[in-house]
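# my questions are about this predicted structure, shown below with the sequence.
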Amino acid sequence: MEGVVDVGVGVRARVTLLDGFGVQLGAGGASSALEELPHGVQRLIAHLCLSGRPPRSTVAGQLWPEVSEEHAHGSLRSALWRLQKAAPGLVTVSAGRLSLADGVRVDVRELDDWVRRVRDPRSGLEDVELPDAGLLGELLPGWYDDWVMLERERVRQVRMHALEQVAVRLAAAGRYGDALQAAYAAVRAEPLRESAHRTVVRVHLTEGNVAEALRVYEQFRALLADEIGARPSEHMARLVRSIRPLQPVVR
Amino acid sequence: MDGRERTTSAWPVADRPAPRVGLLDGFRIETACPGRTVRRDVVPPAVQRLVACVCFAGRPGRSAVAGQLWGDVSEDQAQASLRSALWRLGRLAPGLLDTAGGALALAPGVRADVRELADWAATVRDPRTPLDDLTLPRPDLDGDLLPGWHDDWVLIERERLRQLRLYALETLGARLAAAGRPAEAVEAALAAVRSEPLRESAHRLLVRVHLAEGDVAAAVRTYRHFRTMLRDELGLDPSDRFTRLVQHLGGGGRVAS
């Protein structure tokens, strides 16, 4: 199997790992989902999606850590064989290394591309729009391998930070509704983090929606007090203190 | 294993109406039989929380759901509570959730009102949507999320959905006004004002629509009404931005004074 490259299948294929494992093969323009693959094959594909061009032995060791090396290599061979039958050309084997074929798209890589654009100060707002809802899902839900759990946490963290950043940029551009949705998407990942809540309060204040700013601040203050007995930072408290109550109204 | 592409749906979309989960204005499950709703009082609270939680995620892992819903007990206990809730749900509304592969999702074809609200908002906010397709949300999408629930994540989602709806209503109003359909624009702005009576941005929109129509009296009345309310409730004045909208009317700055 060494050196087998069947470019034909790989080119339009897309692998999804967020919200669950899936492979779509773009045969002849129409996308068809692959019939359910054996779990060993799914793990192999997923692992290659999340790593670069690992040597076979690394892959065998990570995917089958609890058996002898020989046994692990046997399992890898069998998974590769079944994979090449189900989706020939999806994976490339050369010089003892495995990788996804060129042109195969992976949702996690698309998410990482979006994160890179968000971090790049030169990118315009149109490059950092909110990502597709499909990119907000959990990585390989229900999988408990160490390498999956580490990667799941990494995805959650980088996505949350990027969402916070996008929220700030959208707000600065006057796109308040979108800014709030981005901020709340970040809050979902980490409800007790202050920065996203702060963006929400700031957007409300910029819009003159003072009642909502006060309500959201109060909710966050109560949440923080309940959960960890802490108070919002001075930075955030200052935001709501900046609301000037009226002098006694002369009518 | 693959949640999105599973073809083993218990609810083929084309053949018969799919069940629908309602979370706005209170929890309910409308079953596939038209008109038959699973009564809220027969659905145990834990089951309601489980279904609601899944409606807000794509396809979360079981442990993520257990952690969110039963975060204050040990992981084993949380998993046991989740199993029990899933079992009871299976008897009340079989096939509502897809539980394959250690993850949970609404079964293919099952609808949820909170997702319909998000779809409506996305349509309204998409600049490519033709004017004729711009409509107010259906009245059954007006309610607050799960009133009376106090879970942290519900409070946050409630606030998020409220803002989603309000900003979409304001966008809708502005687009309708710009298209020369002031009557509908006023309706959209008023829908936002009704749900959030102290919301300045909604009142600003209303004033701008009145002004676009040349109805100065209505614009001034709206501004003054809002200012009175804000002073009474919060002891605050409208923002300068709002005041500037009406200040020049009627001469001598008397309107805003």
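Perfect, thanks for sending it.

# okay, CA-based contacts and neighbour counts for the rest of this
Will do.

# quick one: the helices in chain B, in order.
In chain B, the helices defined using DSSP state H lie at B:45-55, B:62-69, B:75-92, B:113-125, B:152-178, B:182-195, B:200-212, B:216-234, B:240-247.

# ok, and which of these has the densest surroundings?
helix B:200-212 (a mean of 23; mean count of other Cα atoms under 10 Å in any protein chain shown).

# the inter-axis angle of that helix versus helix B:240-247?
Calculated by axes from the mean of the first three to the mean of the last three Cα atoms, to 10 degrees, helix B:200-212 forms an angle of 20 degrees with helix B:240-247.

# quick check: mean pLDDT across helix B:200-212?
The predicted model gives helix B:200-212 an average pLDDT of 96.

# check contacts around residue 223.
Using chain A. Residue A:223 is in contact with A:192, B:152, counting by Cα atoms under 8 Å, 6 or more residues apart in numbering or on different chains.

# oops, wrong one, chain B.
Counting by Cα under 8 Å, 6+ apart, residue B:223 touches B:203-204, B:207, B:246.

# closest one of these to residue A:110?
residue B:204 (39.4 Å; Cα to Cα).

# show the pLDDT at the closest residue to the closest one other than its chain neighbours.
Nearest non-adjacent residue to residue B:204, counting by Cα to Cα, 6 or more residues apart in numbering or on different chains: residue B:242, 6.2 Å away. Here the pLDDT value assigned to residue B:242 is 96.

# cool, residue B:34 as well?
For residue B:34, the predicted pLDDT is 65.

# up against chain B, what does chain A have?
Contact residues (Cα under 8 Å from any Cα of the partner chain) of chain A with chain B: A:19-22, A:33, A:36, A:134, A:137-138, A:140-143, A:177, A:180-181, A:184, A:188, A:191, A:207-212, A:223, A:244-246.

# need the residue closest to the centroid of the chain.
As the question left the chain open, I've gone with chain A. residue A:155 (4.5 Å; Cα atoms, centre = their mean).

# wrong chain, I was asking about chain B
Mean-position check on chain B, Cα atoms, centre = their mean. Result residue B:161 at 4.0 Å.

# residues in contact with it?
residue B:145.

# other SSEs contacting the lowest-mean-pLDDT helix or strand in chain B?
Counting by mean pLDDT, DSSP states H and E, chain B has its least confident helix or strand at strand B:37-38, which shows a mean of 78. The elements that strand B:37-38 packs onto, with contact taken as 3 or more Cα pairs under 8 Å, 6 or more residues apart in numbering or on different chains; DSSP states H and E, are strand B:28-30.

# now with 10 Å, please.
strand B:20-22, strand B:28-30 (3 or more Cα pairs under 10 Å, 6 or more residues apart in numbering or on different chains; DSSP states H and E).

# of those, which is nearest chain A?
strand B:20-22 (19.7 Å; Cα to the nearest Cα).

# tell me which residue in the stretch 101-250 of chain B sits closest to chain A.
residue B:102 (4.2 Å).

# which residue, other than its chain neighbours, is closest to that residue?
Counting by Cα to Cα, 6+ apart, residue A:142 is the residue found nearest to residue B:102 once chain neighbours are left out, at 4.2 Å.

# that's all I had, so thanks and see you.
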